[in-house]
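A.B. asks: Here's my sequence, what's the structure:
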Amino acid sequence: MNSLLLTDGYKTGHHQQYPVGTEEVYSNWTPRSNAYAPKGCDKVVSFGQQYVIQWLHDYFQDHFFSKPKSEVCQEIKEELSLYLGTDYDVTHYEQLHDLQYLPIRVKSLPEGVEVPIRIPMVTVVNTHKDFYWVTNFLETILSTMLWQPMTSASIALQYKRIFKHWALLTDEENVAFIDFQGHDFSMRGMGGLQSALSSGIGHASVFLGSDTLPVIHGLRKYYQAKGFVIGSVNATEHSVMCAGTKDDEIGTFRTLMKTYPTGILSVVSDTWDLWKVLTEYLPILKEEILERDGKLVIRPDSGDPVAIICGESDTLRSASPQDKGVVELLWDVFGGTINTQGFKVLNPHIGAIYGDSITIERAEEICKRLHSKGFASTSVVLGIGSFTYQFKTRDTFGFAMKATSVVVQGKRRDIFKDPITDNGIKKSAKGLLQVVQVRDTYELRDEVTEQEEQEGELKIIYEDGVFKNRVTLEEIRNRINQSI
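C.D. replies: Modelled structure (predicted):
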């Protein structure tokens, strides 16, 4: 697709609408509100900028600058003339093609740090006065690609904080387990491959467990990931269990354990009767499971996650399988140990995972309920899917890219928006911006001088087709883990 189509239709006339003599447009990308964010998400993780800018750079190189000018400009002329019902002038596009690079300077806060609401995370400005229109021409594609990795990384971090809190309370010797306790199951429910990748790399900036395989390529390509990137285990699905027949589900378990005699094996166990699996089949298979060199993980896949994992009763004196829940039933069969904090830790040959309709609130409640019943929160892995990551929008953190400064006929003008009909969320900063670090947080200073704008924590990552200050996945993960 022609790169000049990567914008909103109404922007195709903006080069004619700025004041005569406009030379520069300076804009910023900012999370304006967490009103629609999940509980506890008071800040936003800076993540995805390098991926997005590299993608944009590559796309323009492949689909605009490397193509014959007559071809790409004639195509856009024909399309926009039909679109707007006029004879569309493409002179400004032809001039951009002659330049052979995107004349912009992109500055960013470090990826992997947490940023308070209303603090700019990215600024974009044109570097050539003939291309003042390019800054906000790119707003649409930058917005559509930036919000999701930042949103998913921020939500993933809140999950990890929950897991760490309860692990420290119930199983502090195994706190490293939390790197894998939140597992990405979201790909099938995301809004396409790019959405799965954008969200998936956000999750993987925080957690190490993921079934979203495109993440591996994405993080190697855009963040120089080396060695281990994400991991998962051998696992079944309902088609496997159904093919083994309902009449011989226990035989299917045996076959699977023979196929995978070592390592972690996850078996979906509610294709028919979860409670029968837990109370009848597993006791029969107990010795085979304990003799196996690895862990068998039981995966329920339907129902209320909290009740299924923790039981409908809050006590250990309950009788029915439904009252006990998966973790207690596994303890009944396989036992385990009592750790130094006094909490029950399942036998290392058995475990549980739940990956359907998990939310931050349910994750918190599962950990809380396990604690109240005397079990380590590390007794279960939670699969985080599209119920968490796709039910979000740009408005989850109120992201927006807005212009705050222009240069017209050589004179700088501080500009801003402040709609009288709004509640204050849409009020923008004003003028050139500087973000400074004060102790362990960031603060905004607007209406600063050109010299001051060059200082502070916003650093150049891209300028006139050249990347600067690249960051690696390892560096990002280290920053994120330091904030938990």
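A.B. asks: Do you have the helices of the stretch 101-250 of the chain handy? List them.
C.D. replies: For the stretch 101-250 of the chain, the helices defined by DSSP state H, counting those that start in this stretch occupy 134-137, 139-170, 178-181, 193-204, 214-223, 238-243, 249-259.
A.B. asks: lowest-confidence stretch among the ones you listed?
C.D. replies: Ranked by mean pLDDT, the helices of the stretch 101-250 of the chain end with helix 238-243 at the bottom, a mean of 93.
A.B. asks: Export it to CSV, keeping only CA atoms.
C.D. replies: Output of helix 238-243 as CSV, limited to C-alpha atoms (Å, rounded to 0.1, in the frame of the first residue of the first chain):
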residue,chain,number,x,y,z
HIS,A,238,-10.0,-29.7,23.1
SER,A,239,-9.6,-31.3,19.7
VAL,A,240,-6.9,-33.5,21.0
MET,A,241,-8.9,-34.6,24.0
CYS,A,242,-12.1,-35.1,21.9
ALA,A,243,-10.1,-37.2,19.4
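A.B. asks: tell me how far that helix is from the chain's mean position?
C.D. replies: 31 Å (CA atoms, centre = their mean, to the nearest Å).
A.B. asks: which strands and helices sit next to that helix?
C.D. replies: helix 249-259, strand 265-268 (3 or more CB pairs under 8 Å, 6 or more residues apart in numbering; DSSP states H and E). All C-beta atoms are positioned from the backbone trio N, CA, C, and that covers glycine.
A.B. asks: ok so, going back, quick check: which of the helices of the stretch 101-250 of the chain is buried the most?
C.D. replies: Highest mean neighbour count among the helices of the stretch 101-250 of the chain (mean count of other CB atoms under 10 Å): helix 193-204, with a mean of 24.
A.B. asks: what about the chain, any weak spots by pLDDT?
C.D. replies: Low-confidence segments of the chain (pLDDT under 70): 317-318.
A.B. asks: quick one: contacts for the closest residue to residue 135 other than its chain neighbours?
C.D. replies: Distances taken as CB to CB, 6 or more residues apart in numbering put residue 25 closest to residue 135, at 4.1 Å, once the chain neighbours are dropped. Going by CB atoms under 8 Å, 6 or more residues apart in numbering, residue 25 touches 18, 125, 126, 132, 133, 135, 136, 403, 405, 406.
A.B. asks: Repeat the analysis, applying 6 Å as the threshold.
C.D. replies: Listed by CB atoms under 6 Å, 6 or more residues apart in numbering, the contact partners of residue 25 are 132, 135, 136, 403, 406.
A.B. asks: Then residue 379?
C.D. replies: Residue 379 makes contact with 327, 346, according to CB under 6 Å, 6+ apart.
A.B. asks: can you check residue 139 too?
C.D. replies: Counting by CB under 6 Å, 6+ apart, residue 139 makes contact with residue 401.
A.B. asks: now the strands for the stretch 301-450 of the chain?
C.D. replies: 336-338, 344-346, 350-354, 380-384, 399-408, 411-414, 433-438, 441-446 (DSSP state E, counting those that start in this stretch).
A.B. asks: buried set for the next helix-or-strand element following the last one?
C.D. replies: Tracing the chain past strand 441-446, the next element assigned as helix or strand by DSSP states H and E is helix 450-453. Neighbour-count burial for helix 450-453, counted by 16 or more other CB atoms under 10 Å, picks out residue 453.
A.B. asks: Name the nearest residue to residue 242, sequence neighbours excluded.
C.D. replies: Per CB to CB, 6+ apart, closest to residue 242 is residue 271, 6.1 Å.
A.B. asks: right, and that neighbour touches residue 240 too?
C.D. replies: No. Applying CB atoms under 6 Å as the test, residue 271 and residue 240 come out as separate, 9.0 Å apart.
A.B. asks: Go ahead and confirm residue 447 touches residue 430.
C.D. replies: Yes. Under the criterion of CB under 6 Å, residue 447 makes contact with residue 430 at 5.4 Å.
A.B. asks: Let me know the closest of the contacts of residue 25 to residue 332.
C.D. replies: residue 136 (62.4 Å; CB to CB).
A.B. asks: how far away is that closest one from residue 184?
C.D. replies: 33 Å (CB to CB, to the nearest Å).
A.B. asks: now swap in residue 473 and tell me
C.D. replies: 15 Å.
A.B. asks: again with residue 262
C.D. replies: 24 Å.
A.B. asks: possible to save the contacts of residue 25 as JSON lines with distance to residue 34?
C.D. replies: Putting these into JSON lines (distance: CB to CB, whole Å) gives the following:
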{"residue": "132", "distance to residue 34": "33"}
{"residue": "135", "distance to residue 34": "27"}
{"residue": "136", "distance to residue 34": "25"}
{"residue": "403", "distance to residue 34": "23"}
{"residue": "406", "distance to residue 34": "29"}
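A.B. asks: for the residues you listed, which one is nearest residue 50?
C.D. replies: Of the contacts of residue 25, the one sitting nearest to residue 50 (CB to CB) turns out to be residue 135, at 19.2 Å.
A.B. asks: Looking at residue 262 and residue 184, which one has more neighbours?
C.D. replies: residue 184 (30 against 8; other CB atoms under 10 Å).
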